[in-house]
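>>> pasted the sequence and its predicted model underneath.
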Amino acid sequence: MQPFFGVRALSLICFALSSLIAVGAVQAQVPAPDLAARAWLLLDTNSGQIITERDSNMPVEPASLTKLMTAYLAFAALKQHTITLEQKVNVSKTARAASGSRVSSMFLDLRIPVSVNDLLHGMIIQSGNDASILLAETVSGSEAAFVELMNREAQRMGLTNTRFANATGLPDRQHVSTAHDLSILATRLIADFPEFYPIYAQREFTYNNITQPNRNLLLRTDPSVDGLKTGHTESAGFCLIASAKRNDRRLLSVVLGATSDVARAQESLKLLNYGYQYFDAIKLYAAQQAVSTPQVWKGASNTVKIGFAHDFYVTVPRGSGARLKAQLALPQKLIAPLSTGQTVGKLIITLDDKVMQEVPIATLEDVPLAGVFGRAWDTIKLWVK
């Protein structure tokens, strides 16, 4: 990561975080499990840190994990009131053509209009390709137009190695993603649409008098798992993004290219258990807590509170939290005006004197310009200094 300021411009304030952290017995980090899969990743969503990964930036076929983006855009359309849950949609021939016993389907009927709510359940729980296509047509008019929207949203999210060619995840050479990109997408879906996320925990759904189970086997074996999505094609193998919450701490695993539906569940559980057993997520600062109040020049206030808009966590090997340290890097002079949320420096987190991460730190309040005399007086003091 590039520094925010040159070395000469840094004002370094060092402070130990031991007083903020419960001290526990330090344990050696246990090696991560080796999985029977093509690629994988384990993410602590509290801190946003990757605990372990393998080939997480390798482009692969995402199969029905694609439907996370289809759902994300459908949720966004609901939030923007361009569609409603109760809205009835006529089944198109294109969507109906995706139905059938050989593919994932909610078995739509051309003669029966279907609600958007049922389509969401059919896509999320039953992984219906027909539901995905009809949702895409409902949101954007056609699947092709919806795919353009998918790719624009992927670009906005920073999914740099993802390219969508359809709304379903059916095989296409131009349709690729990575474990890393999919972890970002899944995290955003959970954070941005908590009102819809419980659908992913439902174990079965009935439509057209056909009951189908959720293919995520972990929903039946681990009570902490409440999502998220399976995928499978012959070329992609068996894939699973699993999300679990234990004691208010959420971990997200991405397993791509396992050999069976049972294997993808078992390998995902290995990752989740590894993260919970051998790592701690430590809350260093609460949202809006002032990390520091540095001096401000030429402002209506002489100081400004700086910190984080959200609770700030760091994930470390279990028992090592007391050895965390932080270094606040700011420019030598902060000069008004400053606006809330303006990045003014960075916080450098180290463990045993090794840099773990560098995160931007921002103002928590506005500091408008001082009056003419105040600015003039500060100008003189700066000149003398």
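Ah, there it is.
>>> from now on I want contacts and neighbour counts done on CA atoms only, so please keep to that.
Will do.
>>> now stretch 254-268, how far from the centre of its chain.
Its chain's C-alpha centre and that of stretch 254-268 lie 21 Å apart, by C-alpha atoms, centre = their mean, to the nearest Å.
>>> where are the low-confidence patches of the stretch 101-250 of the chain?
101-102 (pLDDT under 70).
>>> now the strands for it?
114-115, 204-207, 210-213, 225-233, 237-246, 249-258 (DSSP state E, counting those that start in this stretch).
>>> mind putting those into JSON lines with mean neighbour count and distance to Tyr274?
As requested, those are exported to JSON lines (neighbours: other C-alpha atoms under 10 Å; distance: least, C-alpha to C-alpha, whole Å):
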{"stretch": "strand 114-115", "mean neighbour count": "18", "distance to Tyr274": "41"}
{"stretch": "strand 204-207", "mean neighbour count": "16", "distance to Tyr274": "28"}
{"stretch": "strand 210-213", "mean neighbour count": "13", "distance to Tyr274": "28"}
{"stretch": "strand 225-233", "mean neighbour count": "25", "distance to Tyr274": "14"}
{"stretch": "strand 237-246", "mean neighbour count": "25", "distance to Tyr274": "12"}
{"stretch": "strand 249-258", "mean neighbour count": "26", "distance to Tyr274": "10"}
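>>> to Asp55, which of those strands lies closest?
Among the strands of the stretch 101-250 of the chain, strand 249-258 comes nearest to Asp55, with 10.0 Å by C-alpha to C-alpha.
>>> now tabulate the strands of the stretch 101-250 of the chain in JSON lines and tack on distance to Leu149.
Listed next are the strands of the stretch 101-250 of the chain as JSON lines, based on distance: least, C-alpha to C-alpha, whole Å:
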{"stretch": "strand 114-115", "distance to Leu149": "22"}
{"stretch": "strand 204-207", "distance to Leu149": "28"}
{"stretch": "strand 210-213", "distance to Leu149": "30"}
{"stretch": "strand 225-233", "distance to Leu149": "21"}
{"stretch": "strand 237-246", "distance to Leu149": "23"}
{"stretch": "strand 249-258", "distance to Leu149": "24"}
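>>> which one of these lies closest to Leu134?
Proximity to Leu134 (C-alpha to C-alpha) singles out strand 114-115 among these, at 9.6 Å.
>>> and the closest one, which strands flank it?
If you go by DSSP bridges, strand 114-115 pairs up with strand 88-89 (antiparallel).
>>> which residues does the partner strand contact?
Defining contact as C-alpha atoms under 8 Å, 6 or more residues apart in numbering, one finds that strand 88-89 is touched by Pro113, Val114, Ser115, Val116, Thr138.
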